[in-house]
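J.: Let me see the structure of the following:
(chains A and B)
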Amino acid sequence: MTITRRLALSGGAAALTAGLPGIARAADGRVVIGTWGGDYGNLLRQNIDEPIVQPKGIEVLQDVANADPRKTKLLAERQTRRGTFDVACLSDTDMYLISQQNALQPLEMGKLSRADAIIPALKKPYAIPHIYSALVLLYNPAKVTTKPTAFADMWDPKYKGRVGFSDILYNTNTLAAAMAGGGGVHDYKPAEKMLMEMRKLDAKVYPSNEALAAALKSEEVWLTPMWLARGFMWKQSGIPVKHVVPKEGAYSIVFEAAIPKNARNLDNAYTYLDAMLDAKAQTGFARQMGYLPTVKDAKLDADLAQEISLSEEEQNRLVTPDYEYLQQHLNEYLDFWNKQFKA
Amino acid sequence: MAALILPAGLLVVLLMVAPMLLLARISLNQFSPTEMMVEAMSPENYIRAVQDPYYRSVLLTTMVVALGCTLLCLALGFPTAYWLARMQSRWKSIATILILFPLLVGNVVRSAGWIALLGNEGAINAALRGLHLIEAPLPLLYNAFAVVVGIVAVVLPYMILTLSAVIEGIPRQTEEAAANLGARPLTAFRRVVLPLAIPGVAAGSVLVFILCMNAYATPVLLGGPQFKMMAPAVYDQFVRGNNWPFGAALAFILLFATMVLTLVGSALIGRRYRR
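T.: Residues are numbered from 1 along each chain as shown, chains lettered A, B, ... in the order given. Take a look at the predicted model:
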């Protein structure tokens, strides 16, 4: 192989930048990701930051908090010129609420090389889908011996005192109750009667998903509505649960990422969104967190697919949130959850 | 001389008075699920909060817990403070540090410790079950009991240190004189030490009561989802419900209730022991 002058020059330049990573990085700057901590934050680091984004010379900073404080931050910063986040990660419902408040910028799909790989049903003008899952009923197969088929089975008096809820999931808990009572995504009203009945059945409410997991593990509670993906993680960690996709419907959740209006590092934000759609990164999330890929070309191993995917028949039962209904009524149902159900 | 308070004064104006004025303004706005907040000048949020039995019961719970914790701190703190104040040995500084020790651990970390101790699978229940004293775990966590225990553990050092500073200023000779004149120790305490220590009792109680009224981390972590105090309720409105105007109104109601109870309490103590 002959070494041309051009090759030598470019090689030298590469060696220079490789030797001076600090300088190379400073030129490209950083990107600030507003995200959950814990598993989600760690997996972002393992699957996206380290293998894809950092090698491009972009420093990735995570601003870690639960969804609620980050939503508040996005809303409070709407009028400011320079926002905190370059990329905001939220659930689809939250993301819709935030986009309605004019806090996000419309995405230029042309800037995303992976835009065409996105599953069409999950596309939005203001956010990319990152991972998704469905709301299922988790049960302890040793205690609940007749396999449940519906959310309504939680109201069986046999299971008095054995149904648990995570307080932070008041929205989906209320929906599960609504579905069990004949309502659904467009009508939460039946949840009121169902939840009050559940209260009489001595339902337990736990302050966090982790506290609920501990209660499932100690077999204090046997049944709970939960995201399929989280059920998968719990199963992996030895918690005795199985899942059924309830016959009332499989409510979907998509975790999305968007760029706030006042993001400071716009180009890096697009680079980051693109990396989130990378097929390999998506498979990594599925393997470790049990969420389903949102791009068409991410392949799952057969054993994993069996655990976390929905069968075709189950997919037909998928229902998406009615964002507008939620925006109008979520506050009401938070009040109901706090004042009537929990009181 | 006035210049001396300028730096602190500026900080207070900038970091406390200004945000509070802003919050007061927000509390008069109206909530809208689509626009978050609509400019208004209406007392509606205050009226709603006062009329809603849920928030009345939350406020009542908060006051009962705060008052209970204050009395408990007083009962537990006075003997310790007296012992500390009358201590002569070189161990005194070590004892003071030991009393301060709980304050070196953050609220959240401390609560995690209580959870490990009080939970259904926690140390106490595990031990009782291991000894076959109980069948089902005792409900020690996620109730008022856990919150009171947790809060008292945080605020007790404030009470002890405030009281002991005042008791130290009461000359020992007064107690000796009382004994000389035939008073039994309990009478001497009741008629001599306690009246002289009243400024300390008042100061310590006010300090502790205010801390209890505004407790946030402990009620959230140890009270669980079904036990509500005011500070977490304010947070819920701001962060979970996105209803800033109502959250601001609740915050001012909490502030007002704390102020009124503090003033009434100090006035009562003062009148009882004026002479």
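
J.: And the strands in chain A, which stretches?
T.: For chain A, the strands defined by DSSP state E cover A:30-35, A:59-64, A:87-91, A:128-139, A:164-166, A:204-206, A:223-227, A:242-244, A:250-258, A:292-293, A:318-319.

J.: show me the contacts for residue B:151.
T.: B:65, B:69, B:211-212, B:215, B:218-219 (C-beta atoms under 8 Å, 6 or more residues apart in numbering or on different chains). Every C-beta, even on glycine, is put in place using the N, C-alpha and C of the backbone.

J.: circling back: quick one, which of the strands of chain A is nearest to chain B?
T.: Among the strands of chain A, the nearest to chain B by C-beta to the nearest C-beta is strand A:204-206 (4.4 Å).

J.: Mind checking which of the contacts of residue B:151 are in helices?
T.: B:65, B:69, B:211-212, B:218-219 (DSSP state H).

J.: Reformat these into JSON lines and put neighbour count and pLDDT next to each item.
T.: Below are the ones in helices among the contacts of residue B:151 laid out as JSON lines (neighbours: other C-beta atoms under 10 Å in any protein chain shown; pLDDT from 0 to 100):
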{"residue": "B:65", "neighbour count": "23", "pLDDT": "97"}
{"residue": "B:69", "neighbour count": "28", "pLDDT": "97"}
{"residue": "B:211", "neighbour count": "18", "pLDDT": "95"}
{"residue": "B:212", "neighbour count": "28", "pLDDT": "96"}
{"residue": "B:218", "neighbour count": "29", "pLDDT": "93"}
{"residue": "B:219", "neighbour count": "26", "pLDDT": "94"}
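
J.: Now flag whichever of the residues you listed is closest to chain A.
T.: Among the ones in helices among the contacts of residue B:151, and counting by C-beta to the nearest C-beta, the member closest to chain A is residue B:219, at 11.0 Å.

J.: Quick one: residues contacting the closest one.
T.: Neighbour list for residue B:219: B:65, B:147, B:151, B:227-229, B:231-232 [criterion: C-beta under 8 Å, 6+ apart].

J.: Just flag the most distant two among the residues you listed.
T.: Based on C-beta to C-beta, the longest span within the contacts of residue B:219 runs between B:151 and B:228 and measures 14.5 Å.

J.: The residue of the stretch 151-275 of chain B found nearest chain A: neighbour count?
T.: Taking C-beta to the nearest C-beta, chain A has its nearest neighbour within the stretch 151-275 of chain B at residue B:225, 3.8 Å off. As a burial measure, residue B:225 scores 22 neighbours (other C-beta atoms under 10 Å in any protein chain shown).

J.: Could you tell me the phi and psi values at it?
T.: phi -70, psi -20 (degrees, to the nearest 10).

J.: So what's the residue count around the closest residue to it other than its chain neighbours?
T.: Nearest in space to residue B:225, with sequence neighbours left out and distances taken as C-beta to C-beta, 6 or more residues apart in numbering or on different chains, is residue A:167 at 3.8 Å. A count of neighbours around residue A:167, defined by other C-beta under 10 Å, yields 20.

J.: Then the one 3 residues further on?
T.: Other residues near residue A:170 come to 22 when the count uses other C-beta under 10 Å.

J.: State the pLDDT value of the closest residue to residue A:90 other than its chain neighbours.
T.: Distances taken as C-beta to C-beta, 6+ apart put residue A:67 closest to residue A:90, at 5.8 Å, once the chain neighbours are dropped. Here the pLDDT value assigned to residue A:67 is 88.

J.: Quick check, residue A:67 in contact with residue A:34.
T.: No. Taking contacts as C-beta atoms under 8 Å, residue A:67 lies outside contact range of residue A:34: 9.5 Å.

J.: Which one's more surrounded, these two?
T.: A direct count of neighbours by other C-beta under 10 Å for residue A:67 and residue A:34 places residue A:34 higher, at 26 against 21.

J.: my guess is the more buried one meets residue A:94, correct?
T.: No. Counting by C-beta under 8 Å, residue A:34 stays clear of residue A:94, with 11.5 Å between them.

J.: roughly how far out does stretch B:50-69 sit from the chain middle?
T.: Centroid displacement of stretch B:50-69 relative to its chain, using C-alpha atoms, centre = their mean, to the nearest Å, is 14 Å.

J.: swap in stretch A:89-105?
T.: 13 Å.

J.: How about that stretch, which residues are buried there?
T.: A:89-101, A:103-105 (16 or more other C-beta atoms under 10 Å in any protein chain shown).

J.: Helices of the chain, start to end?
T.: With no chain named, the answer covers chain A. Using DSSP H, helices in chain A cover A:5-19, A:21-28, A:38-44, A:67-76, A:92-100, A:170-180, A:190-200, A:209-217, A:228-236, A:266-276, A:279-289, A:302-308, A:312-315, A:323-336.

J.: To clarify, I was referring to chain B.
T.: Under DSSP H, chain B gives helices at B:6-12, B:18-26, B:44-51, B:53-85, B:92-100, B:107-118, B:123-130, B:144-168, B:172-180, B:185-188, B:194-213, B:217-223, B:230-235, B:244-272.
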